[in-house]
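Undergrad: Here is my input, please return the structure:
(one chain, ligands or ions: 2)
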Amino acid sequence: MLEKTKKQIAILGSTGSIGTQALQIVQLYPDLYEVYAITANNNVELLIQQARTFLPEMVVIANKNKYAYLQAALADLPIKVYAGAESVAEVAEMGPVDIVLTAIVGYAGLLPTIRAIKAKKIIALANKETLVVAGELINRLANQYQAPILPVDSEHSAIFQCLVGESANPLSKVIITASGGPFRTFTHEQLQHVTREQALNHPNWSMGNKITIDSASMMNKGFEVIEAKWLFGLKQDQIEVVVHPQSIIHSMVEFEDGAVKAQLGVPDMILPIHYAFSYPYRVKSTAQKLDFKQISELTFEAPDCTRFRNLGLAYEALRQGGNVACVLNAANEVVVDAFLNDRIRFLSMSDVIEQTMQSIPFIASPTYDDYVATDEEARRVAQSKLQKIK
Ligand code: NAD
Ligand code: MG
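TA: Residues are numbered from 1 along each chain as shown. Ligands and ions are numbered 1, 2, ... in the order given. Okay, the predicted model is just below:
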């Protein structure tokens, strides 16, 4: 049974892949959800269109240069319009908001997520970079403020769903599935020459550009390993990655008696996003269902950390702890942006990330300010390594 009152949702990053799908859910279930606030970085036209359709209380554009245009376009409506990163964080704290969906991409998601946690909101966490950068701090704050963090990432949602009803039963490990991306079968030589367009052509999932490149390079899977550590309180040897090209099994949990539970479904983010909104309930859906008669095979293979060095680098960051995963993330954001702008070759991305990880001083128990400084410094170092590699 679902609660009677509509849940008020703040969607941070409403114009992105996750954000637009979240709005589709609200549109399909107007009795269950209402959009309280939407925010975007640059895409002011889509933000205006969304504001006119969903009539939220508040709309924020992070890029202040677009504020005047946004305000003028919504002047006939009773919607409060703000601009800037601080305002994005402020809407995440607003009293009436029940759930904050963190669908911003990258490090920019960290601050508003912290602010939402401190305001004791339910966090529907899509922005995995928040946990990669500062998982320890986020867990500490989430405990202190009693703010639940519900995973949106499909693998972590799958694990979360497998754990329902199992609180008395320790798990022995989680098995995170990976599609392998568009280059799963490529040799090292072939990987040297792959293009931006090839990398953006993911076989199973349609997502924003940054995560699509991360999927092609397997950094996304590395991030998901780190994300799983913090979400489920796991040790490194309890997190296994297996390549499963069909993307039907979204991830699995093995318990101490040897039983393995899996969550399966068509590759579609609507279900994990909606589960984070409706948890602990499930909502009837007309979306496409699995037809097992049409599935001829489910296959599995070991991931290859030699061809896909980023996965190994992420495991290394996890092993070292402290601020190293923050460095990993910052360097990755720099090289992915460069790759998307044809300024670095696919395989060189791992070189810059590795060199940056080796250059930044280690901090064992970083504070928020340490993370900010580490991020800044790692970006600076990665940029300079990037120039040299070219
Ligand atoms: P996207 O690029 O499609 O959208 C990003 C959104 O964030 C946009 O609305 C953009 O305006 C906003 N944004 C970007 N930079 C910002 C900034 N500096 N300040 C404020 N807002 C900013 O990305 P996406 O694919 O929707 O991914 C969003 C997050 O969800 C990422 O962390 C990604 O790893 C995670 N995720 C995505 C998927 C997916 O299927 N797309 C699946 C799992 C996890
Ligand atoms: Mg995922």
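
Undergrad: in the stretch 151-300 of the chain, what residue is nearest ligand 2?
TA: residue 153 (4.2 Å; CB to the ion). C-beta: built from backbone N, CA, C; applies to glycine.

Undergrad: Tell me how far the closest residue to that residue other than its chain neighbours lies from ligand 1.
TA: Spatial nearest neighbour of residue 153, excluding adjacent residues (CB to CB, 6 or more residues apart in numbering): residue 128 at 5.7 Å. Separation of residue 128 from ligand 1 (CB to the nearest ligand atom, to the nearest Å): 5 Å.

Undergrad: Which positions in the chain make contact with ligand 2?
TA: Selection of the chain residues close to ligand 2 by CB under 5 Å from the ion yields 153-155.

Undergrad: which one among these gets closest to residue 96?
TA: residue 153 (26.6 Å; CB to CB).

Undergrad: and that closest one, how many neighbours does it have?
TA: 28 (other CB atoms under 10 Å).

Undergrad: can you check the one 4 residues further on too?
TA: For residue 157, the count of nearby residues is 25 (other CB under 10 Å).

Undergrad: touching ligand 1 at all, stretch 307-323?
TA: No - if you take CB under 6 Å from any ligand atom as the test, stretch 307-323 misses ligand 1, and the best it gets is 13.6 Å.

Undergrad: Up against ligand 1, what does the stretch 1-150 of the chain have?
TA: Within the stretch 1-150 of the chain, the positions adjacent to ligand 1 are 13-19, 40-43, 62, 88, 103-105, 108, 126-129 by CB under 6 Å from any ligand atom.

Undergrad: quick one, helices of the stretch 1-150 of the chain?
TA: In the stretch 1-150 of the chain, the helices defined using DSSP state H, counting those that start in this stretch lie at 17-28, 44-54, 67-73, 85-91, 110-118, 129-144.

Undergrad: for these, which one ends up most surrounded?
TA: helix 110-118 (a mean of 24; mean count of other CB atoms under 10 Å).

Undergrad: which secondary structure elements does it contact?
TA: Applying 3 or more CB pairs under 8 Å, 6 or more residues apart in numbering; DSSP states H and E, we find helix 110-118 packed against helix 85-91, strand 99-102, strand 122-125, helix 129-144.

Undergrad: Hey, what's the angle from that helix to helix 129-144? Just curious.
TA: Here helix 110-118 points in a direction 20 degrees away from that of helix 129-144 (axes from the mean of the first three to the mean of the last three CA atoms, to 10 degrees).

Undergrad: CA-only coordinates of helix 110-118, as CSV, when you get a sec.
TA: In CSV, the C-alpha atoms belonging to helix 110-118 read as follows (Å, rounded to 0.1, in the frame of the first residue of the first chain):
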residue,chain,number,x,y,z
LEU,A,110,28.7,16.5,-4.1
LEU,A,111,27.8,19.7,-2.4
PRO,A,112,24.0,19.6,-3.0
THR,A,113,23.9,16.0,-1.9
ILE,A,114,25.7,16.9,1.4
ARG,A,115,23.2,19.7,1.9
ALA,A,116,20.2,17.4,1.2
ILE,A,117,21.6,14.9,3.7
LYS,A,118,22.0,17.6,6.4
